[in-house]
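**Student:** Here is my input; please provide its structure:
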Amino acid sequence: MTPKEQFTGLILLSGVDKPGISQALFLALAPFSITVLDIEQVVISSRLILTVLITLNPAHEKAIEADLLACAEGLGVDIATLFSPSTADTIAAKKGLVRVIAISSKMLPHDIALICESINNLGGNIEKISRTASDPLTAIEMVVSDVNHSALTSALASISAEQSIDIAVQPGGLVHYSRKLVQLDVDSTLIQQEVIDLLAIKAGVGDQVKEITDSAMRGDLDFSQSLKARVLLLKGLSESAITDVQSEISLTPGAKTLVHTLHRLGHSVSVVSGGFINVIAPLLADLEIKHYKANTLEIVDGVLTGQVIGPIIDRAAKADALREFAGLESLTMEQTVAIGDGANDLDMIAAAGLGIAFNAKPALKAAADSSLSDCNLESVLYLLGIPREVIED
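**Tutor:** Next up is the predicted model:
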């Protein structure tokens with residue numbers, strides 16, 4: 001038989017799931033000269049759908065159909081077949097694949113339709129759709145071919161904003177599966193509070209410091225200058241206030257799951273903060289995070305002097321830290337992920353292979369590759385294509 005005589009066959013099995021269905025199907029195919037090219041199986045609400053793409057000798061077509069019909073009757077399922085003299089075109093042969101991940105607490109058909117419309121308008125084709133999470137959030141991943149990454153990102157950003165659904169577009173090649181460095185901001189990202197605001201309350205200057213903090217996070221003030229101004233207001237505060245604040249800070253929901261899951265899967269996690277290592281050191285030790293940079297409050301005779309020691313960790317320093325930590329882990333910048341919420345995170349978001357704005361200010365949302373509105377850091381795992389089943393392992 002010449003290559004031109006080679007047939008491909010698509011087999012679609014559907015029915016109520018029970019043990020032994022897949023075994024029976026492939027035992028029915030085993031006597032024939034067949035090669036399995038592609039296979040996909042999914043069970044939704046106890047209903048099984050199994051598709052198999054094969055190559056076959058066209059002389060065996062009728063015999064295969066007869067044996068599959070007998071198999072279907074024996075199993076109590078439906079089996080449909082489509083044989084044609086065509087070259088197999090599997091997803092493995094596709095080039096330039098991208099992955100679209102959509103996350104929502106209430107996934108609506110209209111949301112999915114809009115995503116599909118954007119892909120279609122750009123000439124893309126959806127090769128595969130799968131659910132990676134269903135509780136408490138629904139996450140759907142699409143593998144798309146023949147579409148421009150940046151154009152699709154731009155098109156889906158407006159849908160994300162209008163429909164209040166989180167959408168990310170990522171490269172679909174080997175980098176999707178590679179080991180990564182995930183770097184997090186601390187205040188209002190890894191933890192729920194702004195550390196300097198808590199210290200300011202202890203010093204009785206909460207309103208003054210918060211006003212400066214808000215301006216800095218919006219990008220209205222230079223971070224380094226604003227930090228110096230805020231720390232100066234803390235002059236005279238007792239060192240014991242640091243211990244008090246340590247007991248008041250709390251991890252953002254999902255933070256521990258995010259860090260522990262990434263570590264378990266062989267990824268690295270780093271932390272950068274415009275806040276203070278004096279406060280967050282015990283937290284980083286508890287999370288077993290070895291790569292970190294933060295500012296250091298100067299303390300003399302048990303009292304804060306109103307100064308910081310060493311270079312200030314501003315937006316440029318955060319990006320530099322991402323590059324440094326990636327180098328230490330022997331990773332390329334394409335393999336890095338940066339997560340933050342404010343203007344001070346802009347540079348590292350831009351430098352990372354994937355920049356994620358987490359409950360972020362408008363300026364950061366506009367600059368990031370993707371944005372998460374859910375207040376749970378577990379959502380980052382879904383954006384990275386890690387399914388719920390793996391997280392719960």
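**Student:** Help me confirm that Ser145 comes into contact with Lys128.
**Tutor:** No. With contact defined as Cβ atoms under 8 Å, Ser145 does not reach Lys128; the gap is 9.7 Å. The way it works is simple: take the backbone N, C-alpha and C, and place the C-beta from them, glycine included.
**Student:** Settle it for me: which of those two has more neighbours?
**Tutor:** Counted by other Cβ atoms under 10 Å, Ser145 and Lys128 do not tie: Ser145 has more neighbours, with 19 against 14.
**Student:** hey, what's that one bridged with?
**Tutor:** For Ser145, the beta-bridge partners under DSSP bridges are Asn125.
**Student:** Same question for Ile339.
**Tutor:** Leu184, Ile356.
**Student:** Correct me if wrong: it contacts Ile356.
**Tutor:** Yes. The criterion here is Cβ under 8 Å, and Ile339 meets it with Ile356 at 4.6 Å.
**Student:** Which residue ranges of the stretch 251-393 of the chain form strands?
**Tutor:** Assigned by DSSP state E, counting those that start in this stretch, the stretch 251-393 of the chain shows strands spanning 268-276, 291-300, 303-309, 336-340, 354-358, 370-372.
**Student:** Quick check: neighbours of the shortest one in the sheet, parallel or antiparallel?
**Tutor:** In the sheet, strand 370-372 lines up against strand 354-358 (parallel) (DSSP bridges).
**Student:** same deal with the first one?
**Tutor:** Looking at strand 268-276 with DSSP bridges, its paired strands and their directions are strand 181-184 (parallel), strand 291-300 (parallel).
**Student:** how far is it from where the chain is centred?
**Tutor:** 19 Å (Cα atoms, centre = their mean, to the nearest Å).
**Student:** Specify the angle between that strand and strand 336-340 in degrees.
**Tutor:** If you take axes from the mean of the first three to the mean of the last three Cα atoms, to 10 degrees, strand 268-276 sits at 30 degrees to strand 336-340.
**Student:** just the longest one next, same as before
**Tutor:** Orientation of strand 291-300 against strand 336-340 (the same axes, to 10 degrees) gives an angle of 40 degrees.
**Student:** where does the chain dip in pLDDT?
**Tutor:** 1-6, 86-95, 173-176, 216-219 (pLDDT under 70).
**Student:** Now do the domain split for it, please.
**Tutor:** Domain assignment of the chain by automatic domain parsing yields the ranges 3-91, 94-176, 181-391.
**Student:** Need the winner for burial among those.
**Tutor:** Most buried of these, by mean neighbour count (mean count of other Cβ atoms under 10 Å): domain 181-391, with a mean of 19.
**Student:** what's near enough to touch the residue sitting furthest away from the middle of the chain?
**Tutor:** What lies farthest from the middle of the chain is Ala59; by Cα atoms, centre = their mean that is 47.8 Å. By Cβ atoms under 8 Å, 6 or more residues apart in numbering, no residues touch Ala59.
**Student:** Give the helix, strand or coil label for it.
**Tutor:** Secondary structure assignment for Ala59 (DSSP: H, G, I helix; E, B strand; the rest coil): helix.
**Student:** before we move on, the earlier item: give the residues shared as contacts by Ile339 and Ile356.
**Tutor:** With Cβ under 8 Å, 6+ apart as the test, Ile339 and Ile356 both reach Val380.
**Student:** ok, Val245 touching Leu198?
**Tutor:** Yes. If you go by Cβ under 8 Å, Val245 and Leu198 touch, sitting 4.6 Å apart.
**Student:** now the strands paired with strand 268-276 as JSON lines including distance to Lys235?
**Tutor:** Output for these, formatted as JSON lines (distance: least, Cβ to Cβ, whole Å):
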{"stretch": "strand 181-184", "distance to Lys235": "30"}
{"stretch": "strand 291-300", "distance to Lys235": "10"}
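**Student:** follow-up on the earlier one: now tabulate the strands of the stretch 251-393 of the chain in TSV and tack on distance to Leu156.
**Tutor:** Shown next, in TSV, are the strands of the stretch 251-393 of the chain (distance: least, Cβ to Cβ, whole Å):
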stretch	distance to Leu156
strand 268-276	27
strand 291-300	32
strand 303-309	41
strand 336-340	19
strand 354-358	14
strand 370-372	9
